[in-house]
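Participant: this one's structure only:
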Ligand SMILES: Cc1cc2nc3c(=O)[nH]c(=O)nc-3n(C[C@H](O)[C@H](O)[C@H](O)COP(=O)(O)OP(=O)(O)OC[C@H]3O[C@@H](n4cnc5c(N)ncnc54)[C@H](O)[C@@H]3O)c2cc1C
Ligand code: SF4
Ligand code: SF4
């Protein structure tokens, strides 16, 4: 009998489980894959400040590279720099990173199990309070008793669907992403991330090149709409880049980033959703790691209070919902705004905005304050709004 | 797995599939398995198609 079963051992689930265990709750962290962190479905970039703020220790091996910020290229290749003197970001090895987070949860006292997929939520008399989770562990059906279930099961969240909190995503709000890990490439700067915009490069999204140290990069893109599949755009992009063209692909990643903003309701009786499952991912940048971990901590704290109070009513769990909206709600809203603006901008408009932004000294302070994606998004929003007001 | 009886041939999954593994051809939805399943483990693909399907006609 557990107090809480956390479904999914990604960053959101591991931080939730760790926080719960630290507060004395009896927790099971259940992951459906046989190996935590594999396969990777991520560009693996995140800000250093965010990790420090959350007290997440990252071992040397899980950091592939440090970055000093980003350069954005408009469709006509106008450069806009968001650079700092010092390293402000990591490119992680998410296989090792996700495992390390799960290990931290285990060390705090959570029980961790792999090859264990949640298949249903059990409620008293079918509709009352949560009494357990049905799982398939190594192919065998089992019932795990608990009083609360945390759905940290990513974009595809089944827990959210079972609880009636998430529904199918409209196609126009789902960015379709592919990424290659490539070796043997030439890059301009070994410590700068690159972003490329343009309707011919990545309609409705952007392309990225993240340096992973040495001659290795993650190069990927996300599209919404457009003429062909994401992979056809990626092939075209790589062909068009001198330094990448001669590289070899060592990994293919595909996945989706929901961009309609956070779900309307993230709690129900005995149920809490966190991370991509709650669409806490930034709808502009597609950065989701920091928010997933941040909200994991908030969820862990809130559910631990519920365990203590023995109250898992929706009412009580709403404390979690309130708190995470206070902490990241504004940023998500800003990003959503900018995403709308960007959607409405033509290639010409983006070129003009880039020209304008290139003339302004952005200052590095903003960047260093917040998590990388957040800082950048807020800066861009601010400047675009300024631009729109000016015109 | 495609449940043909349920499929509306709406094309939502075709549009969203990052790997171009789905195709509507002569009023049938076809899955090119060789494109969908990720190497090296071939056991998971991204599942975007099933996330956007309005009638749960496609599962992984
Ligand atoms: C191509 C791509 C590139 C990205 N690049 C970046 C980036 O550079 N930086 C960044 O910050 N973010 C990036 N993101 C987003 C980031 O990967 C996610 O926001 C982040 O992984 C969310 O963490 P999570 O814990 O919520 O979910 P996940 O990491 O998806 O973890 C969910 C876990 O739940 C498990 N699970 C699912 N169902 C069940 C079940 N029924 N039972 C048990 N376990 C289950 C899954 O196996 C998985 O391990 C990218 C996303 C994509 C698709
Ligand atoms: S699982 Fe992903 S790659 Fe495979 S058909 Fe569906 S959308 Fe395409
Ligand atoms: S989204 Fe569903 S209904 Fe539409 S074509 Fe694909 S499988 Fe058929």
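Facilitator: Sure, I can see it. What you see is a predicted model; the values in this text were computed from it and never measured. Ligands and ions are numbered 1, 2, ... in the order given.

Participant: interface residues of chain B facing ligand 2?
Facilitator: By the rule CB under 6 Å from any ligand atom, the part of chain B lying against ligand 2 is B:17-19, B:21-22, B:31, B:36, B:45-49, B:60. For glycine as for every other residue, the C-beta is placed from the backbone atoms N, C-alpha and C.

Participant: Out of those, which end up buried?
Facilitator: B:17, B:18, B:19, B:21, B:22, B:31, B:36, B:45, B:46, B:47, B:48, B:49 (16 or more other CB atoms under 10 Å in any protein chain shown).

Participant: isn't residue A:309 right next to residue A:315, touching?
Facilitator: No: contact criterion CB atoms under 8 Å: residue A:309 and residue A:315 do not qualify, at 11.2 Å.

Participant: which of the residues of chain B next to ligand 2 lies closest to residue A:300?
Facilitator: Nearest to residue A:300 among the residues of chain B next to ligand 2 is residue B:47, at 26.8 Å by CB to CB.

Participant: Just confirm that closest one contacts residue B:60, I think it does.
Facilitator: Yes: between residue B:47 and residue B:60 there is a contact at 5.1 Å, judged by CB under 8 Å.

Participant: Okay, now the unreliable bits of chain B?
Facilitator: Across chain B, the ranges flagged by pLDDT under 70 are B:38-44.

Participant: Just want the residue of it that's nearest chain A.
Facilitator: residue B:20 (3.4 Å; CB to the nearest CB).

Participant: Excluding sequence neighbours, find me the nearest residue to that residue.
Facilitator: residue A:229 (3.4 Å; CB to CB, 6 or more residues apart in numbering or on different chains).

Participant: Next, format the residues of chain B next to ligand 2 as JSON lines and append distance to residue A:1 and secondary structure.
Facilitator: Output for the residues of chain B next to ligand 2, formatted as JSON lines (distance: CB to CB, whole Å; DSSP: H, G, I helix; E, B strand; the rest coil):
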{"residue": "B:17", "distance to residue A:1": "42", "secondary structure": "coil"}
{"residue": "B:18", "distance to residue A:1": "42", "secondary structure": "coil"}
{"residue": "B:19", "distance to residue A:1": "43", "secondary structure": "coil"}
{"residue": "B:21", "distance to residue A:1": "43", "secondary structure": "coil"}
{"residue": "B:22", "distance to residue A:1": "44", "secondary structure": "strand"}
{"residue": "B:31", "distance to residue A:1": "42", "secondary structure": "strand"}
{"residue": "B:36", "distance to residue A:1": "40", "secondary structure": "helix"}
{"residue": "B:45", "distance to residue A:1": "36", "secondary structure": "coil"}
{"residue": "B:46", "distance to residue A:1": "35", "secondary structure": "coil"}
{"residue": "B:47", "distance to residue A:1": "32", "secondary structure": "coil"}
{"residue": "B:48", "distance to residue A:1": "37", "secondary structure": "helix"}
{"residue": "B:49", "distance to residue A:1": "38", "secondary structure": "helix"}
{"residue": "B:60", "distance to residue A:1": "33", "secondary structure": "coil"}
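
Participant: Any chance of a markdown table for those, columns distance to residue A:95?
Facilitator: Formatted as a markdown table, the residues of chain B next to ligand 2 follow (distance: CB to CB, whole Å):
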| residue | distance to residue A:95 |
| --- | --- |
| B:17 | 25 |
| B:18 | 21 |
| B:19 | 21 |
| B:21 | 24 |
| B:22 | 28 |
| B:31 | 28 |
| B:36 | 22 |
| B:45 | 18 |
| B:46 | 17 |
| B:47 | 20 |
| B:48 | 22 |
| B:49 | 25 |
| B:60 | 21 |
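
Participant: Point out the residues in the stretch 1-150 of chain A that sit beside ligand 1.
Facilitator: Residues of the stretch 1-150 of chain A lying near ligand 1 (CB under 6 Å from any ligand atom): A:7-13, A:30-33, A:41-46, A:117-118.

Participant: Now, those residues that are in strands?
Facilitator: Taking DSSP state E as the definition of strands, those contribute A:7, A:30, A:45, A:46, A:117, A:118.
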